[in-house]
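Colleague: predicted structure and sequence below. I'll ask about it afterward.
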Amino acid sequence: MIGYRRISHSWLRNIPYAMAIKATIFKVGLQIADIDRNYYRDHALTLARHPSETDERMMVRLLAFARHAGPALSFANGLSADDEPDLWQKDLTGAIELWLDVGLPDEKSIRRACGRARRVAIYAYGGRAAELWWQQCAAKLKRIDNLSVCNVAQASSRALAALAPHSRQLHCTVQEGQIWLASPEQRVQVEIDVWLAGP
């Protein structure tokens with residue numbers, strides 16, 4: 001289901017090991033020029049796309065990385081591990097400074113994340129499904145002071161999905177809140193609505 005991060009994998013136990021579906025690996029060279037944060041760096045990334053993950057979701061994950069990129073930010077096992085986000089940043093003691101989730105996680109999962117990390121950010125997408133999700137949980141989530149929620153416009157997330165086959169070399173530019181993600185073949189301006197501005 002689009003947007004929902006937690007799914008059951010119990011059916012995989014009935015599949016012989018030799019037939020188990022493996023993640024698809026993408027090697028991406030990402031150049032970031034974030035003028036707003038004064039952050040300029042090239043990243044050699046390895047993205048493991050879970051069998052249940054779409055190109056759209058994977059590219060929103062990549063977008064989340066680009067917006068928060070730093071030396072300690074890394075991809076986690078959000079789709080296959082209930083106790084991990086899609087991306088996280090830890091300090092030298094192992095404490096979680098930043099927890100990034102993509103999709104429409106349930107309220108319980110969000111509260112648990114906010115209890116474990118100093119800051120939590122949710123990147124919702126999916127058009128009407130995302131809007132309905134926010135309508136249902138906004139009142140309760142707005143009470144959490146270390147949480148931010150933003151929504152990637154459906155036209156933008158779909159355009160990002162179209163970049164996936166050309167994602168070996170990408171360039172991300174951020175200036176005055178505007179975001180562009182480009183491959184050698186095409187360029188996407190990403191529209192993001194901030195539904196909850198956290199720390």
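Modeller: Great, that's in hand.
Colleague: which helix or which strand is home to the most centrally placed residue in the chain?
Modeller: Taking C-alpha atoms, centre = their mean, the centroid of the chain lies closest to R61, which sits 3.0 Å from it. According to DSSP states H and E, R61 maps onto helix 55-68.
Colleague: helix or strand next in line after that helix, which one?
Modeller: Sequence-wise, the next helix or strand downstream of helix 55-68 (DSSP H and E) is strand 73-75.
Colleague: what's that following strand in contact with?
Modeller: Strand 73-75 is contacted from outside by 45-48, 61, 65, 86-89, 98, using C-beta atoms under 8 Å, 6 or more residues apart in numbering. C-beta: built from backbone N, CA, C; applies to glycine.
Colleague: give the buried residues for it.
Modeller: Buried positions in strand 73-75, judged by neighbour count with 16 or more other C-beta atoms under 10 Å: 73, 75.
Colleague: quick check: mean pLDDT of it?
Modeller: The average pLDDT within strand 73-75 is 95.
Colleague: report the contact partners of A159.
Modeller: V188.
Colleague: mind checking the SS state of it?
Modeller: Secondary structure, DSSP: H, G, I helix; E, B strand; the rest coil: A159 is helix.
Colleague: repeat for the one 3 residues further on
Modeller: Under the three-state scheme (three-state DSSP), the conformation of A162 reads as helix.
Colleague: circling back to that earlier point, ChimeraX command to pick out the buried ones of the contacts of strand 73-75?
Modeller: Per 16+ other C-beta under 10 Å, the buried members of the contacts of strand 73-75 correspond to this ChimeraX selection:
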select :45,47,61,65,86,87,88,89,98
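Colleague: low-confidence regions, this structure specifically.
Modeller: 1-21, 167 (pLDDT under 70).
Colleague: can you give me the strands in it?
Modeller: 24-34, 39-49, 73-75, 87-90, 96-102, 117-124, 147-152, 169-175, 178-182, 187-190, 192-196 (DSSP state E).
Colleague: could you dump those into a markdown table and include distance to C137?
Modeller: Formatted as a markdown table, these follow (distance: least, C-beta to C-beta, whole Å):
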| stretch | distance to C137 |
| --- | --- |
| strand 24-34 | 30 |
| strand 39-49 | 27 |
| strand 73-75 | 25 |
| strand 87-90 | 21 |
| strand 96-102 | 13 |
| strand 117-124 | 10 |
| strand 147-152 | 9 |
| strand 169-175 | 28 |
| strand 178-182 | 25 |
| strand 187-190 | 24 |
| strand 192-196 | 10 |
